[in-house]
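Student: return a 3D structure for these sequence lines:
(4 chains, ligands or ions: 4)
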Number of protein chains: 2
Amino acid sequence: MARANVIQKYRDKGLKLTPQRIAILDFLDGNTDHPSAEEIFSGIKQTNPTISFATVYNTIQALRERGELVEVTIDPERKHYDPNPEPHHHLICSKCGKIGDVFEDFTDALKLPQELLGKFSVTSNHVNFYGACINCSKGN
Amino acid sequence: MARANVIQKYRDKGLKLTPQRIAILDFLDGNTDHPSAEEIFSGIKQTNPTISFATVYNTIQALRERGELVEVTIDPERKHYDPNPEPHHHLICSKCGKIGDVFEDFTDALKLPQELLGKFSVTSNHVNFYGACINCSKGN
DNA sequence: CCGAAGTTTGGAATGATTTTTAATTTAAAA
DNA sequence: TTTTAAATTAAAAATCATTCCAAACTTCGG
Ligand SMILES: [Mn+2]
Ligand SMILES: [Mn+2]
Ligand SMILES: [Zn+2]
Ligand SMILES: [Zn+2]
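Tutor: Ligands and ions are numbered 1, 2, ... in the order given. Just a heads-up that it's a prediction; the model follows:
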């Protein structure tokens, strides 16, 4: 998305747009790396050397409240963030930790077994695929 | 499993069996609640008032190294632990946070889309089902 | 029993994340 | 523009789960 459009989009959502926020939005726009807060912070710091962690966390929260950013709970060490709020699944490389996307709806296949049908009503599902990314498969 | 058998099982794995460890093993044996470290700690403290958090974490680690306990990374706030190391999937109640088990192998249904086949080699998968447990559905 | 090796403990340290603070900046209305 | 309330910022402090540490204590084989 063009930067001007990104800015317009968030202005419409009632976000006051500061240079730091624009840098964060810019960094996240189209980003499929599932960065952690720290990774967002250091990515931004290159162009905004004075940005603080609080600003990163504040903005993460503002975006989450507006449904524009999703917390990804896959890495036991830290939270990661996904600027794509569409439901999708993830690949996790057990070697390098890289998180990739899988856009496919498995809902039809993911039926609960009989004995659980009356005990839990499912509203959504999320699949994690563990294995090795191509990079880590090669250098094995 | 009978307590004597549990003890034998871990002795065979080279674990020195202290009263604290036995209490933890006892607490975990057959437990399907996916407790956090804190929940293990307070569950044990009733009968072992002097136990420390470090012991709980030490034992968690010892059991994990022996493949007897699995870290569950579902709750963004804290780690949970599952004494069932068999591959299986989870139900997460979005209301009360309760984590339940789903014993069913969806592997055949969970094929990566064409374009990812050459980019990632999957070794395992894990499905999280989100929704409402029967308790939370009723009191809705 | 003895002793080596492993374990427990309480407290301190760590690391990610959140909250607080006081000063600054902004949006939006006049 | 000017005003003003609300939002934002950077830095510091607080929080919370988890890990580390050094000293005291157990376990278990011999
Ligand atoms: Mn994603
Ligand atoms: Mn389970
Ligand atoms: Zn990799
Ligand atoms: Zn529930």
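
Student: A:P85 against A:L69, yeah?
Tutor: Yes - A:P85 is in contact with A:L69 according to Cβ atoms under 8 Å; the separation is 7.2 Å. Where you see a C-beta, it was placed from the backbone N, CA and C, and this is true even at glycine.

Student: show me which of the two is the more surrounded one.
Tutor: Counting neighbours by other Cβ atoms under 10 Å in any protein chain shown for A:P85 and for A:L69 shows that A:L69 has the greater number, 21 against 13.

Student: what residue in chain A comes nearest to ligand 2?
Tutor: A:L116 (12.9 Å; Cβ to the ion).

Student: contact partners for the residue nearest the centre of chain A?
Tutor: Against the mean C-alpha coordinate of chain A, by Cα atoms, centre = their mean, the closest residue is A:D82 at 1.0 Å. Listed by Cβ atoms under 8 Å, 6 or more residues apart in numbering or on different chains, the contact set of A:D82 reads A:H34, A:L69, A:V70, A:E71, A:V72.

Student: could you redo the last one with a cut-off of 7 Å?
Tutor: By Cβ atoms under 7 Å, 6 or more residues apart in numbering or on different chains, A:D82 lies in contact with A:H34, A:L69, A:V70, A:V72.

Student: would a markdown table of these with distance to ligand 1, secondary structure and pLDDT be doable?
Tutor: Shown next, in a markdown table, are those (distance: Cβ to the ion, whole Å; DSSP: H, G, I helix; E, B strand; the rest coil; pLDDT from 0 to 100):
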| residue | distance to ligand 1 | secondary structure | pLDDT |
| --- | --- | --- | --- |
| A:H34 | 6 | coil | 95 |
| A:L69 | 11 | coil | 92 |
| A:V70 | 8 | strand | 94 |
| A:V72 | 7 | strand | 95 |
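
Student: so which of these is surrounded by the most neighbours?
Tutor: Taking other Cβ under 10 Å as the neighbour criterion, A:H34 ranks highest of those with 23 neighbours.

Student: ok, that residue to A:G97 distance?
Tutor: Separation of A:H34 from A:G97 (Cβ to Cβ, to the nearest Å): 10 Å.

Student: cool, A:K45 as well?
Tutor: 21 Å.

Student: tell me the mean pLDDT for the longest strand along chain A?
Tutor: Across chain A, the longest stretch assigned as strand under DSSP state E is strand A:120-133. Strand A:120-133 carries an average pLDDT of 97.

Student: what degree of burial does A:S52 show, as a neighbour count?
Tutor: 12.

Student: the residue in chain A that ligand 4 sits nearest to bridge partners, please.
Tutor: Closest to ligand 4 within chain A is A:F120: 8.7 Å, counting by Cβ to the ion. Beta bridges link A:F120 to B:C133, judged by DSSP bridges.

Student: so it sits against B:I92, correct?
Tutor: No - because the distance of 9.4 Å does not satisfy Cβ atoms under 7 Å, A:F120 is recorded as not touching B:I92.

Student: circling back: and the pLDDT for the residue nearest to the centre of chain A?
Tutor: Note on A:D82: pLDDT of 96.

Student: now the helices for chain A?
Tutor: Using DSSP state H, the helices of chain A run over A:3-12, A:19-28, A:37-45, A:53-65, A:134-138.

Student: returning to what we had before: ok, the residue of chain A closest to ligand 2 - contacts?
Tutor: B:V102.

Student: pull the lowest-mean-pLDDT helix or strand in chain A out as PDB, backbone CA atoms only.
Tutor: Taking mean pLDDT, DSSP states H and E as the measure, the helix or strand of chain A with the lowest value is helix A:3-12, at a mean of 77. Output of helix A:3-12 as PDB, limited to C-alpha atoms (Å, rounded to 0.1, in the frame of the first residue of the first chain):
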ATOM      1  CA  ARG A   3       2.500   5.400   2.200                       C
ATOM      2  CA  ALA A   4      -0.100   8.100   1.600                       C
ATOM      3  CA  ASN A   5      -2.900   5.500   1.700                       C
ATOM      4  CA  VAL A   6      -1.500   3.900   4.800                       C
ATOM      5  CA  ILE A   7      -1.500   7.300   6.500                       C
ATOM      6  CA  GLN A   8      -5.100   8.000   5.300                       C
ATOM      7  CA  LYS A   9      -6.200   4.600   6.500                       C
ATOM      8  CA  TYR A  10      -5.000   5.200  10.100                       C
ATOM      9  CA  ARG A  11      -6.100   8.800  10.200                       C
ATOM     10  CA  ASP A  12      -9.500   7.500   9.400                       C
END
